[in-house]
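Q: Here is a sequence together with a model predicted from it:
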Amino acid sequence: MTGTLRLSEEVDQALRQRRPVVALESTIIAQGLPRPRNLEVANELEEMVREQGACPATIAVLDGRACVGLDAAEVARVAQDPSLRKLGRRDLPVALALGASGATTVSATVWLAAAAGIRVMGTGGIGGVHRGYSETLDESADLQVLSTTRVAVVSAGVKSILDVPATLERLESLSVSVVGYQTEQFPGFYLHSSGQRVDWTVSTPAEVAAVMRRQDELGITSALLVANPVPEGEQLDPETHDRAMAGALASAESEGVSGQRLTPHLLSSLVRATGGASLEANLAAVRGNVRLAAEIAVAFSAVAEG
Ligand code: PSU
Ligand code: MN
């Protein structure tokens, strides 16, 4: 497997020296955020990981190679090349065989991260069960892959474009451990709380690292979802949120958008409908998650040594 992965020099060295590494997905850069802001954000997130004393590994498929850790030119390509595809885990073998290029969703990113020996990933929000599931059967592959991949994923819950209670039910069915980070509520991505409760609350990166350690001891190979809310002061105004969400869902339905295109479509109509406010809340959530992911990676490498 390692022959199929292309590790950047920086990531390769960090893993060999057992230093903390944080995986970052590229779909949020290529398809989740507007240009040119997306490139600034991609660089900022990598920098933030370094400031916490960990090594960033942005993951993408470029010219048929599964890249774990990108150089500056590759990060720029992911942010700027509009022909990049969106790749879930099922797309990986095909993209590699055909020499294609694409950004990786959470499902593909955690899979490649785990294959490289990386235990922690930071993202905005994972995918989940879409509203109207009973007619469309649209459930993100992220959930199933999290049930079989041992990576701690820091996420601000799931996007409120989804059916949040149904997503929580699926996470339970799939045996994915879920902990709220300093909260008893499951976060609502743009909102501090989705209104749903979580069963467990952790309060420090060291506690998260201890949970990961116990996963190892028990031989549990599913993910740990660390649900980290956007700070209340940086959340989207809840009324604006509800109004814009209704509009975005209605426009996706009237334009007949479905499948892989649905998530990016909803995200960009929200940005328009809120005059950019949803983007700021989205970025605040991502920054907080990536910082926490780095802190967890540092704490985990400390217990792994000890
Ligand atoms: N969260 C965001 N922006 C995104 C996504 C999540 O704030 O762009 C992406 C992630 O890559 C996630 C994917 O894995 O959307 C889920 O897509 P789908 O529902 O098609 O599985
Ligand atoms: Mn889908």
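A: Now that the structure is in, tell me what you want to look at. Ligands and ions are numbered 1, 2, ... in the order given.
Q: only C-alpha atoms for contact and neighbour calcs from this point on.
A: Will do.
Q: Around the closest residue to Ala141 other than its chain neighbours, how many other residues sit close by?
A: Leaving aside its chain neighbours, Ala141 sits nearest to Ser107 (6.2 Å; criterion: C-alpha to C-alpha, 6 or more residues apart in numbering). If you count neighbours by other C-alpha atoms under 10 Å, Ser107 ends up with 23.
Q: ok, now which ones touch Ser107?
A: Contacts were defined as C-alpha atoms under 8 Å, 6 or more residues apart in numbering; by that measure Ser107 touches Gly88, Arg89, Ala141, Asp142, Leu143, Val145, Leu146.
Q: where's it relative to Val211, distance?
A: 21 Å (C-alpha to C-alpha, to the nearest Å).
Q: and if you look at Leu191?
A: Remark: distance between Leu191 and Val211 (C-alpha to C-alpha) = 26 Å.
Q: higher neighbour count, these two?
A: Leu191 (27 against 18).
Q: wait, the more buried one sits on Gln235?
A: Yes. Between Leu191 and Gln235 there is a contact under C-alpha atoms under 8 Å: 5.0 Å.
Q: Now for the two: what residues contact both?
A: Joint contacts of Leu191 and Gln235 (C-alpha under 8 Å, 6+ apart) are Ala281.
Q: longest strand anywhere in the protein?
A: Secondary structure of the chain per DSSP state E: the longest strand is strand 55-62.
Q: And the contacts of that one?
A: Here strand 55-62 makes contact (C-alpha under 8 Å, 6+ apart) with 10-11, 14, 19-26, 46-47, 49-50, 66-70, 75, 78, 95-96, 99-104, 109, 112-113.
Q: will you turn the contacts of Ser107 into a markdown table that also has secondary structure?
A: Output for the contacts of Ser107, formatted as a markdown table (DSSP: H, G, I helix; E, B strand; the rest coil):
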| residue | secondary structure |
| --- | --- |
| Gly88 | coil |
| Arg89 | helix |
| Ala141 | helix |
| Asp142 | helix |
| Leu143 | helix |
| Val145 | helix |
| Leu146 | helix |
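Q: excluding its backbone neighbours, what's nearest Ser147?
A: Ser222 (4.6 Å).
Q: so where does Ala66 fall, helix or strand?
A: Assigned by DSSP states H and E, Ala66 falls within strand 65-68.
Q: mean confidence for the very next helix or strand once past that strand?
A: Later in the chain than strand 65-68, the nearest helix or strand by DSSP H and E is helix 72-80. Throughout helix 72-80, pLDDT has a mean value of 98.
Q: Residues touching helix 72-80, excluding its own?
A: Counting by C-alpha under 8 Å, 6+ apart, 26, 29-30, 35-36, 38-39, 42-43, 58, 60, 84, 102-103 sit against helix 72-80.
Q: Which of those are buried? Put it as a ChimeraX command.
A: Of these, the buried ones go into a single ChimeraX selection, burial set by 16 or more other C-alpha atoms under 10 Å:
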select :26,29,30,38,39,42,58,60,84,102,103
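Q: okay, the contacts of helix 72-80 in CSV with pLDDT, secondary structure and distance to Ala152 next?
A: Output for the contacts of helix 72-80, formatted as CSV (pLDDT from 0 to 100; DSSP: H, G, I helix; E, B strand; the rest coil; distance: C-alpha to C-alpha, whole Å):
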residue, pLDDT, secondary structure, distance to Ala152
Ser26, 98, coil, 17
Ile29, 97, helix, 20
Ala30, 97, helix, 23
Arg35, 95, coil, 29
Pro36, 95, coil, 29
Asn38, 97, helix, 24
Leu39, 98, helix, 25
Ala42, 98, helix, 20
Asn43, 98, helix, 22
Thr58, 98, strand, 16
Ala60, 98, strand, 19
Leu84, 97, coil, 27
Gly102, 98, strand, 23
Ala103, 98, strand, 20
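Q: Save the contacts of helix 72-80 as TSV, and put in distance to ligand 2 too.
A: Converted to TSV, the contacts of helix 72-80 look like this (distance: C-alpha to the ion, whole Å):
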residue	distance to ligand 2
Ser26	17
Ile29	18
Ala30	17
Arg35	23
Pro36	26
Asn38	22
Leu39	25
Ala42	24
Asn43	28
Thr58	22
Ala60	19
Leu84	18
Gly102	17
Ala103	15
